[in-house]
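**Q** fold the following for me, if possible:
(2 chains)
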Amino acid sequence: MKMGIQRFSQEKASIAKIKKDGKLVVEGANLKRNEYGHPLFADFFFFITGFHGFHVFSGVLINIIIFFNVVIGTYERRKSYEMVEKVGLYWHFVDLVWVFVFTFFYLV
Amino acid sequence: MGHHEHSLAIFRGRLKFKSIEQKIWGVFIFLSIITIVEVIFGIIKPQSLMVPFMSSFEGGFMATMANIFLSPFIFMKPLNLIFIVLTIVKAYYITWDFMHMRDETKALRRMVVWTAIFLICYLILILLVEGDYIFEVYKNNYVKFDF
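**A** Next up, the predicted model:
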């Protein structure tokens, strides 16, 4: 029991030592700090790429659903492939957004 | 629904494809080439393209007007200008061929494109004004104007 408490206080002391004297070597870029530029840019970058990534994720899911609907003949029975066209339009809209995200957040 | 007529030519009729699938692959290859060129330029960053083409005009109303009209050549690195032009080329082919805008009537095309261009110009204006304000606050450490 006593040894447990001793070890706990030692751990606390070493964490306090790290917090006080520790030096951050690799910072990278996240929502708190950005070693490549201004933190505001990192915030904006992750906001935009995060939202775009979520759009891509949902686009992939919807495309998979459409693929299986085609395979099991849903649109053949419906006598209309319009839904494929609509999902294609959504997917290429996300593509169109990416073209601009790529230019203004990666190239410029 | 029936069969839609697709126009199968790009580059103002200079390149014709046999089918809609062939055209999609052709456009895909063209857009891939543009992207590869962009990435190569982004990695090399040629020194000659990192300084603006011309310096700003000084003195008088006409100089200010010239600075505004020629601002992409005065205040931007040519490399970024190239990136933006190539991006607009890519956006054109994505909308025209992947999103089938080429097969729509002229009136609908104009409606969609001019509305988007207006809204994007407005967005750019807002971003530049707000960005400049935040830049000034960070530089001078005080609120520049308060509504």
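**Q** which pLDDT value does the model give the most centrally placed residue in chain B?
**A** In chain B, the C-alpha closest to the average C-alpha coordinate belongs to residue B:88, at a distance of 3.7 Å (CA atoms, centre = their mean). Residue B:88 is assigned a pLDDT of 95 by the prediction.
**Q** give me the element it is part of.
**A** Using DSSP states H and E, the element containing residue B:88 is helix B:78-93.
**Q** show me chain B divided up by domain.
**A** B:1-103, B:105-147 (automatic domain parsing).
**Q** how about those domains in JSON lines, adding distance to residue A:32?
**A** Heads up, the C-betas are built off the backbone N, CA and C, glycines and all. Compiled in JSON lines, these are given as follows (distance: least, CB to CB, whole Å):
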{"stretch": "domain B:1-103", "distance to residue A:32": "27"}
{"stretch": "domain B:105-147", "distance to residue A:32": "18"}
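**Q** let's have the ones you listed in CSV, adding distance to chain A.
**A** Output for the domains of chain B, formatted as CSV (distance: least, CB to the nearest CB, whole Å):
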stretch, distance to chain A
domain B:1-103, 4
domain B:105-147, 8
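**Q** just these: most buried one?
**A** Neighbour counts (mean count of other CB atoms under 10 Å in any protein chain shown) averaged over each of the domains of chain B peak at domain B:1-103, with a mean of 13.
**Q** re earlier: could you check how far the residue nearest to the centre of chain B is from residue B:94?
**A** 11 Å (CB to CB, to the nearest Å).
**Q** same question for residue A:25.
**A** Relative to residue B:94, residue A:25 is positioned 42 Å away (CB to CB).
**Q** lowest confidence element among the helices and strands of chain B?
**A** strand B:9-10 (a mean of 86; mean pLDDT, DSSP states H and E).
**Q** chain center to the very next helix or strand once past the helix holding residue B:88, what's the gap?
**A** Note on helix B:78-93: by DSSP H and E, the next helix or strand toward the C-terminus is helix B:106-140. Mean-position distance between helix B:106-140 and its chain equals 12 Å (CA atoms, centre = their mean, to the nearest Å).
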